[in-house]
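Trainee: give me coordinates for this.
(chains A and B)
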Protein chains: 2
Amino acid sequence: MKDASAEILEAQVQSAVEQRREIVNAAIGEELPVEDPERLYEAVRHLLDAGGKRLRPTVLMLIVEALADVDADPTDIDYRNFPDAHGEPLDVMSAAVSLEAIQTFTLIHDDIMDQDDLRRGVPAVHRAYDTETAILAGDTLYSKAFEILIEADAPADRVVEAMDVLATTCTDICEGQALDMAFEERTDVLPDEYLEMIEDKTAVLYGATTAIPAILFGADDETVEELYQYGIDVGRAFQIQDDILDLTVPSEELGKQRGSDLVEGKQTIITLHAREQGVDVDELVGTDDVDAVTEAEIDEAVARLEDAGSIDYAKDKANELVTSGKDHLSVLPDNEARDLLEGIADYLIERGY
Amino acid sequence: MKDASAEILEAQVQSAVEQRREIVNAAIGEELPVEDPERLYEAVRHLLDAGGKRLRPTVLMLIVEALADVDADPTDIDYRNFPDAHGEPLDVMSAAVSLEAIQTFTLIHDDIMDQDDLRRGVPAVHRAYDTETAILAGDTLYSKAFEILIEADAPADRVVEAMDVLATTCTDICEGQALDMAFEERTDVLPDEYLEMIEDKTAVLYGATTAIPAILFGADDETVEELYQYGIDVGRAFQIQDDILDLTVPSEELGKQRGSDLVEGKQTIITLHAREQGVDVDELVGTDDVDAVTEAEIDEAVARLEDAGSIDYAKDKANELVTSGKDHLSVLPDNEARDLLEGIADYLIERGY
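Mentor: The predicted structure is shown next:
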């Protein structure tokens, strides 16, 4: 049930994203054209062309707009020659596509590792093509991300700093995925360990999305650090909200069975909290088959998690992170782009799905 | 059958490699320690610790020794603070480990794609661990390579240039692997197309191994370009020599069935030339089972390839490339390191296995 202010917020955020989507899509086409060997580059483009909200590129673009105190319609902004802190032209779209390439590479390899068949409503790359091509398409996006980031054409010291953030981020993501896999074998994972894992697996890419444009723009170290923390907080809130939505949004809105995380025994901040409260989370649902579970079983499981205070715990955590994330934005001048970055943080936990 | 000069050459090259191996191994331990999550980093180190000649790091170290005109015992050289063209300290070992990380990443992912079970006498990473961990270990080495290269601590403009070469090289390797996979479906591949494929798949990494130290050292553009070409020529010769050895070296020396490329229907410069000469290469061996083939069948197939002039064609090609590669070294001062780089080029086509 969304209230009126949430609807206004969602409309504002969606409008900001939509205004930039065409610009992002055009840049993807320019930076990652389908060239020889064609089958490889078609696989590279498969998920990129299947959609995705382009929330990260939008955030990246808003960061430089906020830093430069630019208040203009996105279609009137030359993001390919965006004036940096010293008035020198910066190719913001290179950085945006670079981050989108890294995000896509992680999705392609994750889908192989998790044996997921669908992504963004289309077959995963390893299903649409084959595992070999999917591994290779991910690897290609990986190196292309570095090639493309160099084309942002910032002074060399800033490029090195941005590349360092990108490389460290990728290492963190791999470590987070390895931790996630290791957690599956354990029944004693603590909520704080889980938060650390999602920071590595998910949030650092938001951190890179907000820090890298600030670095390339030529912002000072404190600003870069604050914007990085905004990204980390928002990224963690985003992941927690995903865990909450899995339990609270009707299946038809969610696009998959409500409670599927519970059925599949996936550990989340919610189940980890409940286990600490003495709930036997492994027995919450009597089946591990998503197709066999009933709505009544899910309802009962959710009620028990509510009784344990676990869903409220997760909501409080997400709220805390969003508040903290927005606080970090105070290093930015007060302008519309900053308002939108605040709005995106709020939207992430108020969104219905 | 090796003659005396070949044996002397081999002894010189092996001594150069052995003198540097401990230094390389120590640097690998420092740059890629087994840290948390341990299982991931153990998988990262699996092939690195299984050996390998360390030929590429040796070449990389010899390049800066030749450029700096240093003539000292490797144990007396501080490669972590190696004076660059302007006397500023350069961390050569970072660059060496970075390249070794990229090489290892490609081996791990290639073994998954080719479903190879053994590498360097030990189970491939996806066999010793599992496919998920192997994908992730490769991805981790990928980003670590970029992180570590930054630690070479050269001026930012040179780091950006070196990172650009590394990223482009990785993209080329992916494209080469995709071409190799596409060639398996075709019967009309031309020798020149094959040479282009092995340039992308194999030779560019040698090119990066010779160009990157020159860039970091601060060599001029022409020197960098010539050294890159040395790497490319030597890398292509190395791959062709591998194809020749598969047919000419007894199985026990080769460590696998002689002629296994032929039996498995793998296209090489030799079979592609033979096909152009009208030889029905698909019928050269009557089985596609490496365990079932007889030495007599291989002998007969080799005799037909010799009659078609295909083995001589490959030998001539490899010789040409080695000669051309050595010519590119004339940009270097005349010193022992340069002699060794020439020796390595010769060694690659005179080696028995």
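Trainee: buried set for the least confident helix or strand in chain A by mean pLDDT?
Mentor: In chain A, the helix or strand scored least confidently by mean pLDDT, DSSP states H and E is helix A:251-254, which has a mean of 77. Using 16 or more other CB atoms under 10 Å in any protein chain shown as the burial criterion, the residues of helix A:251-254 that qualify are A:Leu254. Heads up, the C-betas are built off the backbone N, CA and C, glycines and all.
Trainee: you'd agree A:Asp243 is up against A:Gln267?
Mentor: No - counting by CB atoms under 8 Å, A:Asp243 stays clear of A:Gln267, with 9.6 Å between them.
Trainee: on that earlier part again, list the helices and strands the least confident helix or strand of chain A packs on?
Mentor: Packing partners of helix A:251-254 (3 or more CB pairs under 8 Å, 6 or more residues apart in numbering or on different chains; DSSP states H and E): none among the helices and strands.
Trainee: C-terminal to that helix, what's the next element?
Mentor: Downstream of helix A:251-254, the next assigned helix or strand under DSSP states H and E is helix A:260-263.
Trainee: and that following helix, what other elements does it pack with?
Mentor: Counting by 3+ CB pairs under 8 Å, 6+ apart, the packing neighbours recorded for helix A:260-263 are helix A:221-248.
Trainee: just the strands from chain A, written as ranges.
Mentor: For chain A, strands defined by DSSP state E occupy the ranges A:82-83, A:89-90, A:118-119, A:122-123.
Trainee: compare the mean pLDDT across these and name the weakest.
Mentor: Per-stretch mean pLDDT for these is lowest at strand A:118-119 (a mean of 84).
Trainee: what about the helices in the stretch 101-250 of chain A?
Mentor: Applying DSSP state H, counting those that start in this stretch to the stretch 101-250 of chain A gives helices spanning A:125-128, A:131-150, A:156-183, A:191-198, A:204-217, A:221-248.
Trainee: how about stretch A:64-79, which residues are buried there?
Mentor: Neighbour counts over stretch A:64-79 (16+ other CB under 10 Å) mark A:Val64, A:Glu65, A:Ala66, A:Leu67, A:Ala68, A:Val70, A:Pro74, A:Ile77, A:Tyr79 as buried.
Trainee: should've said stretch A:299-308
Mentor: Neighbour counts over stretch A:299-308 (16+ other CB under 10 Å) mark A:Ala301, A:Val302, A:Arg304, A:Leu305, A:Ala308 as buried.
Trainee: kindly report the same for stretch A:41-57.
Mentor: So for stretch A:41-57, counting by 16+ other CB under 10 Å, buried means A:41-49, A:52, A:54-57.
Trainee: does stretch A:217-237 come close to chain B?
Mentor: No - judged by CB under 8 Å from any CB of the partner chain, stretch A:217-237 and chain B are separated, with a smallest distance of 13.8 Å.
Trainee: what does the stretch 101-250 of chain A put close to chain B?
Mentor: A:109, A:112-113, A:131-133, A:135-136, A:138-140, A:142-144, A:146-147, A:150, A:155-157, A:159-160, A:163-164, A:166-171, A:174-175, A:177-179, A:181-182.
Trainee: just the buried ones from those?
Mentor: Among those, those classed as buried by 16+ other CB under 10 Å are A:109, A:112-113, A:132-133, A:135-136, A:138-140, A:142-144, A:146-147, A:150, A:155, A:159-160, A:163-164, A:166-171, A:174-175, A:177-179, A:181-182.
Trainee: stretch A:61-80 spans what distance, first to last residue?
Mentor: End-to-end distance for stretch A:61-80: 11 Å, by CA to CA, to the nearest Å.
Trainee: same question but for stretch A:209-224, I mixed them up
Mentor: So stretch A:209-224: terminal residues 11 Å apart, CA to CA.
Trainee: circling back to that earlier point, format the buried residues of stretch A:41-57 as CSV; extra columns: distance to chain B and pLDDT.
Mentor: Below are the buried residues of stretch A:41-57 laid out as CSV (distance: CB to the nearest CB, whole Å; pLDDT from 0 to 100):
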residue, distance to chain B, pLDDT
A:Tyr41, 9, 97
A:Glu42, 11, 97
A:Ala43, 9, 96
A:Val44, 9, 97
A:Arg45, 14, 97
A:His46, 14, 95
A:Leu47, 16, 93
A:Leu48, 16, 94
A:Asp49, 18, 93
A:Gly52, 21, 81
A:Arg54, 24, 92
A:Leu55, 23, 91
A:Arg56, 18, 94
A:Pro57, 20, 96
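Trainee: could you list which of those belong to helices?
Mentor: Those of these mapping onto helices are A:Tyr41, A:Glu42, A:Ala43, A:Val44, A:Arg45, A:His46, A:Leu47, A:Leu48, A:Asp49, A:Leu55, A:Arg56, A:Pro57, per DSSP state H.
Trainee: give me the number of residues near the nearest residue to the third one once chain neighbours are set aside?
Mentor: Distances taken as CB to CB, 6 or more residues apart in numbering or on different chains place A:Ala137 nearest to A:Ala43, at 3.9 Å, with adjacent residues excluded. Using other CB atoms under 10 Å in any protein chain shown as the criterion, A:Ala137 is surrounded by 28 other residues.
Trainee: phi, psi for the closest residue to A:Glu88 other than its chain neighbours please.
Mentor: Spatial nearest neighbour of A:Glu88, chain neighbours left out: A:Pro155 (7.7 Å); criterion: CB to CB, 6+ apart. Here is the backbone geometry of A:Pro155 (degrees, to the nearest 10): phi -60, psi 150.
Trainee: ok, and what's touching stretch A:21-31?
Mentor: Stretch A:21-31 is contacted from outside by A:45, A:48, A:54, A:57-58, A:61, A:74-75, A:79, A:93-94, A:96-97, A:100-101, A:144, A:148, A:151, using CB atoms under 8 Å, 6 or more residues apart in numbering or on different chains.
Trainee: what's A:Thr187 in contact with, if anything?
Mentor: A:Arg275, A:Asp282 are the contacts of A:Thr187 under CB under 8 Å, 6+ apart.
Trainee: would you map the helices across the stretch 251-353 of chain A?
Mentor: A:251-254, A:260-263, A:269-276, A:295-307, A:310-328, A:336-350.
Trainee: make CSV out of those helices and add distance to B:His86.
Mentor: Putting the helices of the stretch 251-353 of chain A into CSV (distance: least, CB to CB, whole Å) gives the following:
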stretch, distance to B:His86
helix A:251-254, 61
helix A:260-263, 57
helix A:269-276, 53
helix A:295-307, 64
helix A:310-328, 41
helix A:336-350, 43
